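Enquirer: Provide a 3D model corresponding to the input given below.
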Amino acid sequence: MARNKHHRPAGKYDRRPPSRAEETSPAGSAPGQRPRRPERKMARGGSRDDGNWLYGRHAVLAAAANPFRELRQLWITREADARFGAELAQALSGRDGGAVQPQIVDRGDIEQVLGNAVHQGIALLAAALPEQDLSDVLPAEEQDALVLVLDQVTDPHNVGAILRSAEAFGAAGVVVTERHAPEETGTLAKAASGAIERVPLIRVINLARELDYLKSRGFWILGLAGEATQSLTQGKPGGRVALVLGAEGEGLRRLTREHCDVLVRLPMTGSMPSLNVSNAAAVALYELSRDKLK
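Expert: Numbers count the residues shown, from 1 in each chain. Okay, here's the model as predicted:
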């Protein structure tokens, strides 16, 4: 579906998006080609090959059921095994071999690794998920789609909660910056409550370039900003939408704002000037999806 066939409010929507060929190409790149991310050798707490400990019922069960997640070590207490051991066995049963076997351990064993984390008696050492490119996850251009873009949102609890909302409202993916964004850790996975296994978390080097790429794929770019003159209800288009949210306090960066088609706000009647970014994302996702909900 072409961008100019969607219903669109007046204003910055009248600007034609650049084609891929019109984009400025960095040295060493073909015209219109975005640079690939450099491989991230190190993650917080060790190399990507070392993996991360995931914990909590929903995070571990979702990872166990994800065929793209390499599992390495699985610990569970007797109490947790009695509560949801059958669910864990079901999650592992869909793998074509190579699944780890749960090991019964004491709570103290898990706490030696995780400290005071709320682990619910289950922990999984797993490799990081394979990295994906934005072009890999977008649906065909004739299909409506919703993408979330986070401009230097650094709190893993917020990013995890946003992933959870993104799954609830059918977003195709969540885009974050390569720098100034949390690594894929157990904290993020626990906050996402399993959604990180089902919603692609896309890391990009140049956020402005990716926004232009989304425009070339028929997306309208909506930036959420408290000072915007239009409400989200007034400014939302139909069709393919990318919703951009900035970090708490700083909000959207200047260059990110300039690459948005329009800035919109969430109208509020209370005395609070703004919402937490994960709460704002949930409200905005509901509004963008409201016409399709039954």
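
Enquirer: list the residue ranges of the stretch 151-294 of the chain that fall below the pLDDT cut-off.
Expert: Low-confidence segments of the stretch 151-294 of the chain, defined by pLDDT under 70, are located at 270-273, 294.

Enquirer: which residues in it form helices?
Expert: Read by DSSP state H, counting those that start in this stretch, the stretch 151-294 of the chain holds these helices, from start to end of the chain: 156-168, 186-192, 207-216, 232-235, 254-258, 277-289.

Enquirer: winner for burial among the ones you listed?
Expert: Among these, helix 186-192 has the highest mean neighbour count (mean count of other Cβ atoms under 10 Å), at a mean of 25. For glycine as for every other residue, the C-beta is placed from the backbone atoms N, C-alpha and C.

Enquirer: tell me, how many residues neighbour Gln101?
Expert: Around Gln101 there are 8 other residues, counting by other Cβ atoms under 10 Å.

Enquirer: what's the answer for Ala126, then?
Expert: Number of residues near Ala126 (other Cβ under 10 Å) recorded here: 25.

Enquirer: what about Gln73, which helix or strand?
Expert: Gln73 belongs to strand 71-76 when elements are defined using DSSP states H and E.

Enquirer: what's next to the helix or strand immediately after that strand in the chain, contact-wise?
Expert: Beyond strand 71-76 on the C-terminal side, the first helix or strand identified by DSSP H and E is helix 78-93. Surrounding helix 78-93, the residues in contact under the criterion Cβ atoms under 8 Å, 6 or more residues apart in numbering are 57, 60-62, 64-65, 76, 99-100, 102, 104, 120-122.

Enquirer: show me the contacts for Leu201.
Expert: For Leu201, the contact set (Cβ under 8 Å, 6+ apart) comprises 129, 159, 163, 173-174, 176, 184.

Enquirer: I misspoke; the intended subject was Ala181.
Expert: Under the criterion of Cβ under 8 Å, 6+ apart, the contact list for Ala181 reads 150, 152-154, 159, 203.

Enquirer: and if you look at Tyr286?
Expert: Residues in contact with Tyr286, defined by Cβ under 8 Å, 6+ apart, are 169, 293.

Enquirer: distance of it from Gly170?
Expert: Distance of Tyr286 to Gly170, given as Cβ to Cβ, to the nearest Å: 11 Å.

Enquirer: repeat for Gln120
Expert: 28 Å.

Enquirer: of the contacts of Ala181, just say which sits nearest to Asp261.
Expert: When the contacts of Ala181 are compared for distance to Asp261 (Cβ to Cβ), Leu150 wins out at 17.7 Å.
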